[in-house]
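**Q** My questions are about this predicted structure, shown below with the sequence.
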Amino acid sequence: MICFTICISNPLTFHVQKEETQGELDKVQRENEENGKDKSQLETERKSILDKTRSLKGTIDEMSSTTEGLQRGIDRLIGELVKKDEQSLLEESRRFKRKVLVMKLLRTSQSGMGKTMVDMVTKELKRQLGRRPDSRSFDFSIVLHETSTDVSKGPLFVVCLSSKVGKNIPDALEGPKGGRDVYMIVLHHTTKESLSTLTPNSLRATGSELRQLGGIIDMVFSSDIGLCECDFNITAVDKIITVLKKF
């Protein structure tokens with residue numbers, strides 16, 4: 001004979017169990033929701049950190065590029081300074097090695113030249129001397145004298161117009177006595193077209209007159225341009241430099 005045992009649970013007990021189970025489910029759901037919030041917050045924070053990292057990397061790259069640019073600029077400036085220092089030292093060395101040439105120029109009352117004209121001659125002489133290939137090998141200056149009494153030892157250049165020289169060189173010299181260190185610069189007022197017909201005073205002077213001087217240097221000038229750019233004056237400048245370098 002088969003026996004069946006039927007157990008009938010208490011309804012109250014079932015209800016309590018159901019509530020407990022539901023409570024557990026609600027708790028798990030809340031925990032999952034909290035975990036979801038935490039995960040979402042973590043993801044947001046992760047993205048924020050990534051963005052900041054990218055921004056920081058960009059800033060670092062930009063700063064690195066700027067630093068490299070500044071370094072290149074610094075290297076360039078250092079190179080320029082070194083080059084300038086080398087050039088300065090070279091120029092200083094050349095300057096110490098350069099000969100100092102002082103041209104003593106005397107204008108007498110018989111010269112026929114006013115101060116304006118003498119200033120023109122002085123300026124033009126300096127300009128033409130500055131254009132010589134060897135001009136960097138010496139320092140050149142002109143000292144103008146009105147009388148021969150204050151002229152120191154060395155070559156003296158007496159300047160005058162050709163019309164005032166005539167054939168009497170001692171009268172044109174006026175103050176200074178002739179000598180091998182006295183040179184006469186004779187200025188001829190002419191034009192480039194008339195140069196071929198010009199007879200230099202150095203060719204007119206006789207032997208006795210030349211013995212009173214170190215030499216006669218002829219130069220030509222125009223009222224419009226001052227000392228002419230011509231072979232005549234280039235030769236004259238060469239003679240002046242040759243004389244000055246001897247002393």
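**A** Done, it's in. Numbering: from 1, shown residues only.
**Q** make it CA atoms for all contacts and neighbour counts henceforth
**A** Fine.
**Q** Just the pLDDT for the residue nearest to the spatial centre of the chain.
**A** Taking CA atoms, centre = their mean, the centroid of the chain lies closest to K84, which sits 9.0 Å from it. On pLDDT, K84 comes in at 70.
**Q** Quickly find the element holding it.
**A** Using DSSP states H and E, the element containing K84 is helix 11-97.
**Q** list the helices and strands that helix packs on?
**A** Taking 3 or more CA pairs under 8 Å, 6 or more residues apart in numbering; DSSP states H and E as contact, there are no helices or strands that helix 11-97 lies on.
**Q** where are the low-confidence patches of this protein?
**A** By pLDDT under 70, the low-scoring segments of the chain are 1-18, 37-38, 82-83, 85-87, 89-97, 149-152, 164-178, 202-211.
**Q** Domain ranges for it, per the record?
**A** Here the domain parsing of the chain from the TED database is 19-97, 99-245.
**Q** which of the ones you listed is buried the deepest?
**A** domain 99-245 (a mean of 16; mean count of other CA atoms under 10 Å).
**Q** Can you give me the end-to-end span of it?
**A** Taking CA to CA, to the nearest Å as the measure, domain 99-245 stretches 8 Å from start to finish.
**Q** One more: stretch 103-121?
**A** Start-to-end, stretch 103-121 (CA to CA) is 13 Å.
**Q** name the helices or strands packed onto the very next helix or strand once past the helix holding K84?
**A** Next along the chain after helix 11-97, taking DSSP H and E as the criterion, comes strand 99-107. Other elements packing on strand 99-107 under the criterion 3+ CA pairs under 8 Å, 6+ apart are strand 138-145, strand 156-161, helix 231-246.
**Q** Now do strand 99-107 and strand 156-161, the angle between them.
**A** 40 degrees (axes from the mean of the first three to the mean of the last three CA atoms, to 10 degrees).
**Q** Not counting strand 99-107 itself, show me its contacts.
**A** 113, 118, 137-148, 151, 155-160, 244-245 (CA atoms under 8 Å, 6 or more residues apart in numbering).
**Q** Can you list the strands that that strand pairs with?
**A** Paired neighbours of strand 99-107 in the sheet (DSSP bridges): strand 138-145 (parallel), strand 156-161 (parallel).
**Q** That one to helix 231-246, inter-axis angle?
**A** Using the same axes, to 10 degrees: strand 99-107 against helix 231-246 is 120 degrees.
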